[in-house]
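> Got a predicted model here, sequence first, then my questions.
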Amino acid sequence: MRIAIIGQQDFGKAVLNAFLARGDEVAGVFCSPEKEGAKADPLKVAALEKTLKLFQFPSLKSREALEAMRGLNADLGIMAYVLQFAPQDFVTIPKKGTIQYHPSLLPKHRGPSSINWPIIKGDTKTGLSIFRPTDGLDEGPVILQIETPINPDDTLGSIYFDRLFPMGVQAMLETADLVMAGKHREAVQNENQASYEGWCRAAEAKIYWHSHVDFIYNLIRGCNPAPGAWTTYAGKKFQLFDSRKHLSRTFSTVKGKPGEVSEIGADSIHITAQGGRIEVFKLKAEGGKKMSAVEFANATGLSAGALLGS
């Protein structure tokens, strides 16, 4: 098949390489322009290395973008991690239209941080959807979905890199074949089941130690490795990554106040929360690098009895 790739970053690059590896023809690649001073996008680098036609338009709504897509004479458009708005005038140009990857079980968790939020909210499963892009945000009819469990100790990193990334690449290939063969079905999303969340960024990643230990643990997992759940000590911000939760059977067995460092062990720091404690193994001071718990405690002077977040 003759395709046009619209995407960015490592996922876009992996999708590009997967189609090329099996012999499909990539007529052209659309990639977002990099911000000034930023590294070249991995998808852009891969396209240039393979001497493919590369387009970097500030807007896919522009006349130039529409003309570029028309000039490719593509059979199918492939949207692989796209943050630019792609209007119907653009995505309907390829002969068989366009398909798009989204890392959630649509219509749940529409939006740009759809891997973080299911973990943060305590969901027990997530997945991916391949759908037809419309002018609504992640609202188009779904062609293919694949589920994966969210295990109790999964993080954003394990869910994405171990499962949703490789599964997504294969799902794009499978869906493209179904569409090209005319064997696909398109299921309209049920708006009664729809949910939307915005970006999970620093503001959303702040830890409130008076929250229940379950919620804090889910927040740390859902922000690991990015954006990194954070708190403060002595007025300085730091992030918490690899962690474990410990539930207390009764209120009386909870040691210390919420946010209090109750123990610094050989390889971890214990912090009290409502209903239990969080054991943290990796931390990162603002502007620094990730450290083991003991390295962090030694570097910052953190000690048992310290109150975090105040």
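Everything's here; your move. Numbering: from 1, shown residues only.
> so Lys237 sits right up against Ile207, yeah?
No: Lys237 lies out of contact with Ile207 (CB atoms under 8 Å); the separation is 10.8 Å. C-beta here means a position set from N, CA and C on the backbone, and glycine is covered the same way.
> so who does the residue nearest the centre of the chain touch?
Closest to where the C-alpha atoms of the chain average out (CA atoms, centre = their mean) is Ile115, at 4.6 Å. Residues in contact with Ile115 (CB atoms under 8 Å, 6 or more residues apart in numbering) are 103-104, 126, 156, 159-160, 164.
> hmm, back to that, so what's in contact with Lys237 and Ile207 at the same time?
230-231.
> ok, now which ones touch the closest residue to His184 other than its chain neighbours?
Spatial nearest neighbour of His184, excluding adjacent residues (CB to CB, 6 or more residues apart in numbering): Leu178 at 3.9 Å. By CB under 8 Å, 6+ apart, the contact set of Leu178 is 143-144, 184.
> do that again at 10 Å, thanks
99, 130, 143-144, 184-185 (CB atoms under 10 Å, 6 or more residues apart in numbering).
> which residues are contacting the helix or strand harbouring Leu283?
Element membership of Leu283 [criterion: DSSP states H and E] is strand 282-285. Residues from elsewhere that reach strand 282-285 (CB under 10 Å, 6+ apart): 224-225, 228, 230-231, 233, 236-243, 268-269, 290-293, 295-297, 299-300, 302.
> List the ones among those that fall in strands.
Those of these mapping onto strands are 230-231, 233, 236-240, 243, 269, 290-292, per DSSP state E.
> just these now: which is nearest Cys200?
Using CB to CB, Trp230 comes nearest to Cys200 of those, at 12.4 Å.
> With adjacent residues omitted, what lies nearest to the closest one?
Per CB to CB, 6+ apart, closest to Trp230 is Gln239, 4.6 Å.
> now do Arg201
Pro227 (5.5 Å).
> okay, the helix or strand harbouring Ser158 in PDB with CA atoms only?
Using DSSP H and E, Ser158 sits within helix 156-159. Taking C-alpha atoms only, helix 156-159 is exported to PDB below (Å, rounded to 0.1, in the frame of the first residue of the first chain):
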ATOM      1  CA  LEU A 156       3.200   4.800  33.200                       C
ATOM      2  CA  GLY A 157       6.600   3.500  31.900                       C
ATOM      3  CA  SER A 158       5.700  -0.200  32.100                       C
ATOM      4  CA  ILE A 159       2.300   0.200  30.600                       C
END
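> ok so, going back, I'd assumed the residue nearest to His184 was in a helix, is it?
Yes: Leu178 sits within a helix when classified using DSSP: H, G, I helix; E, B strand; the rest coil.
> gap between it and Lys255?
Look at Leu178 and Lys255: by CB to CB, to the nearest Å, they are 56 Å apart.
> how close does Gly222 sit to Pro118?
8 Å.
> go on, Ile207?
Using CB to CB, Ile207 is found at 19 Å from Pro118.
> now do Ala38
Between Ala38 and Pro118 the distance, using CB to CB, works out to 29 Å.
> The two - which one has more neighbours?
Ranked by neighbour count (other CB atoms under 10 Å), Ala38 and Pro118 place Pro118 first, with 27 against 8.
> Pretty sure Thr92 sits against Leu76.
No: Thr92 is beyond contact range of Leu76, at 11.5 Å (criterion: CB atoms under 10 Å).
> so what sits against both of those two?
Common neighbours of Thr92 and Leu76 (CB under 10 Å, 6+ apart) are Thr98.
> more crowded one of those two?
Neighbours were counted for Thr92 and for Leu76 using other CB under 10 Å; Leu76 has more, 22 against 15.
> Give the bridge partners for the more buried one, please.
Per DSSP bridges, the residues bridged to Leu76 are Ile3.
> Is it in contact with Lys96, as I believe?
Yes: applying CB under 10 Å as the test, Leu76 and Lys96 come out as touching, 4.6 Å apart.
> any residues in contact with both of Gly222 and Pro118?
Residues touching both Gly222 and Pro118 (CB under 10 Å, 6+ apart) are 150, 154, 156, 159.
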